[in-house]
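>>> coordinates only, sequence not included:
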């Protein structure tokens, strides 16, 4: 039986060797919440907004998108992406008691991060020249018992999608994580826009799907839930996801690597036989 070299390669190489696949997609922006998220800069304290995702196997995250609200005229000076695990990993436990709960929150410190110009490149595209989010959180991130503010009201700006590529991918074992994008502007603030919760098409649902959290330097290392804690409302409090997607490749397991190695040997053997037949 004759086997082509391309067929042998198809046997040898796992699907992940050919192209990135969509790992996470929280779906469309829903217009309910805008969450500030920025690094610290002159005159501005750091604010972090976080939303979760689940990986079922070891993965290299190579690229992705996130969607936010920016001023009508904006200039992006830096983008930072952070990955957090779920509390109590990478955290002091028990926590400080300065928030209502740390259950299902991001951890105290980041698991990994990338910054533009150092392992991260990005482009922006305007999706809408005028977009309004019904509520927002910027300054109202407070310790218990002053955590509930109801939000800071509607904000309007340009709806902008950031598309990023990681020259050094995030290498993430199978686990539950939080994704934190931060954008520094020379004018105004970046707000990460909420997406539907629970996730529906074109998003890709996963379980458990935790709600979005926020903190600033005054609350650090703790976090508050954007809907349940900050907006508030008891049993009727809203909950939010945030709009983002991640793409990458699954890292081969040992058994897959063994298959890959065996496939390479098959290809080498076929090439050798062809050379011998040609002599």
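On my side now, so go ahead. Since the structure is predicted, the reported quantities are computational estimates derived from the model, not experimental observations.
>>> for residue 234, phi and psi?
Per-residue torsions, residue 234: phi 60, psi -130 (degrees, to the nearest 10).
>>> Number the chain from 485, please
Yes, from this point I'll number from 485; that puts the last item at residue 718.
>>> OK, contacts around it?
Applying Cβ atoms under 8 Å, 6 or more residues apart in numbering to residue 718 gives no contacts. From N, CA and C alone the C-beta is placed, and that goes for glycine too.
>>> What pLDDT is listed against it?
Listed pLDDT for residue 718 reads 96.
>>> can you tell me how far it sits from residue 588?
From residue 718 over to residue 588 the distance is 18 Å, taken as Cβ to Cβ, to the nearest Å.
>>> Mind jotting down where the strands sit in the stretch 535-684 of the chain?
Here the stretch 535-684 of the chain has its strands, by DSSP state E, counting those that start in this stretch, at 543-554, 560-569, 596-600, 603-617, 620-621, 639-656, 659-669, 675-679.
>>> Surely residue 735 and residue 545 touch.
No. Using Cβ atoms under 8 Å as the test, residue 735 is too far from residue 545 to be in contact (10.8 Å).
>>> So if I had to pick from the two, which one is more boxed in?
residue 545 (25 against 18; other Cβ atoms under 10 Å).
>>> Was I right to think that one contacts residue 661?
No. If you go by Cβ under 8 Å, residue 545 and residue 661 don't touch, sitting 9.5 Å apart.
>>> Look up which residues are beta-bridged to the residue positioned nearest the centre of the chain.
For the chain, the residue sitting closest to the mean C-alpha position, by Cα atoms, centre = their mean, is residue 663 at 3.3 Å. Beta bridges link residue 663 to residue 535, residue 567, judged by DSSP bridges.
>>> cool, and the one 4 residues further on?
For residue 667, the residues forming beta bridges with it (DSSP bridges) are residue 563.
>>> need the contact list for it.
With Cβ under 8 Å, 6+ apart, residue 667 has these contacts: 521, 522, 552, 554, 560, 562, 563, 564, 646, 674.
>>> And it, how far from residue 727?
Taking Cβ to Cβ, one finds residue 667 at 14 Å from residue 727.
>>> what does residue 543 give?
From residue 543 to residue 727 the distance is 21 Å (Cβ to Cβ).
>>> what's the answer for residue 616, then?
For residue 616, the distance to residue 727 - Cβ to Cβ - is 15 Å.
>>> now swap in residue 654 and tell me
For residue 654, the distance to residue 727 - Cβ to Cβ - is 19 Å.
>>> Distance check, residue 667 against residue 520.
Applying Cβ to Cβ to residue 667 and residue 520 gives a distance of 10 Å.
>>> oh, I was asking about residue 552
From residue 552 to residue 520 the distance is 9 Å (Cβ to Cβ).
>>> sorry, back to before: just the strands of the stretch 535-684 of the chain: most buried one?
strand 675-679 (a mean of 29; mean count of other Cβ atoms under 10 Å).
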